[in-house]
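Task: produce atomic coordinates for the following.
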Amino acid sequence: MRLSCGGKVLSVAHNWYVPARLTPEMNRILDSTDTPFGRVAASLRFTRQPLADPRARLPACPPGTILAHRARLLLAGGQPLSLLVECYTRGNLSAR
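Okay, here's the model as predicted:
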C-alpha cells in the first residue's frame, strides 16, 4: 500500500497478516477497500512490537527510503496478528 500526497509517495507499507484472526467483516473490508489495516483491526486492540532499527535498510523497501520500521502486531494474549514493514521516502523531506 502506498501513501501519497500531491503526487509524492510518502510511504510504502507491506503487511502480512493472519486472516483467520480477523472477523469476516474485517477481511471483507480489507479485500474490497483501501481502508488501512490498523483502522480495520483497531477494535482488536493489538500492540506493536518493533523488530528492527529504523535506520536499517530493509530489503522490502524501495530505493529512496529514508526511514523504515519493521514490527509485529500482537493480540492481547500475545498471539501474532501481523508482520509489517513501513518504508518512508524522501518525499517526506521535500518542500511543500
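
List the neighbouring strands of the lowest-mean-pLDDT helix or strand in the chain plus their orientation.
Lowest on mean pLDDT, DSSP states H and E among the helices and strands of the chain sits strand 2-5, with a mean of 82. Here strand 2-5 is paired, per DSSP bridges, with strand 8-17 (antiparallel).

Tell me which residues of the partner strand come out buried.
By 16 or more other Cβ atoms under 10 Å, the buried positions in strand 8-17 come out as 9-13, 15, 17. (C-beta placed from N, C-alpha, C; glycine too.)

TSV for these, including distance to residue 32?
Shown next, in TSV, are the buried residues of strand 8-17 (distance: Cβ to Cβ, whole Å):
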residue	distance to residue 32
9	23
10	24
11	22
12	21
13	18
15	16
17	16
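
residue ranges with poor pLDDT in this protein?
Applying pLDDT under 70 to the chain flags the ranges 54-56, 95-96.

hey, where'd the strands end up in it?
All strands of the chain, identified by DSSP state E, fall at 2-5, 8-17, 47-50, 65-74, 80-89.

what's the most buried one of the ones you listed?
strand 80-89 (a mean of 19; mean count of other Cβ atoms under 10 Å).

same for that strand, what does it pack against?
Taking 3 or more Cβ pairs under 8 Å, 6 or more residues apart in numbering; DSSP states H and E as contact, the helices and strands that strand 80-89 lies on are strand 8-17, helix 37-41, strand 65-74.

Contacts for that strand, please.
Residues outside strand 80-89 that contact it (Cβ atoms under 8 Å, 6 or more residues apart in numbering) are 8-18, 21-22, 37, 41, 44, 46, 51, 58, 60-62, 64-75.

same thing with stretch 2-22?
Contacting residues not belonging to stretch 2-22 are listed as 1, 27, 30, 37, 40-41, 44, 60-62, 65, 73, 75, 79-89, 91-92, 94, 96 [Cβ under 8 Å, 6+ apart].
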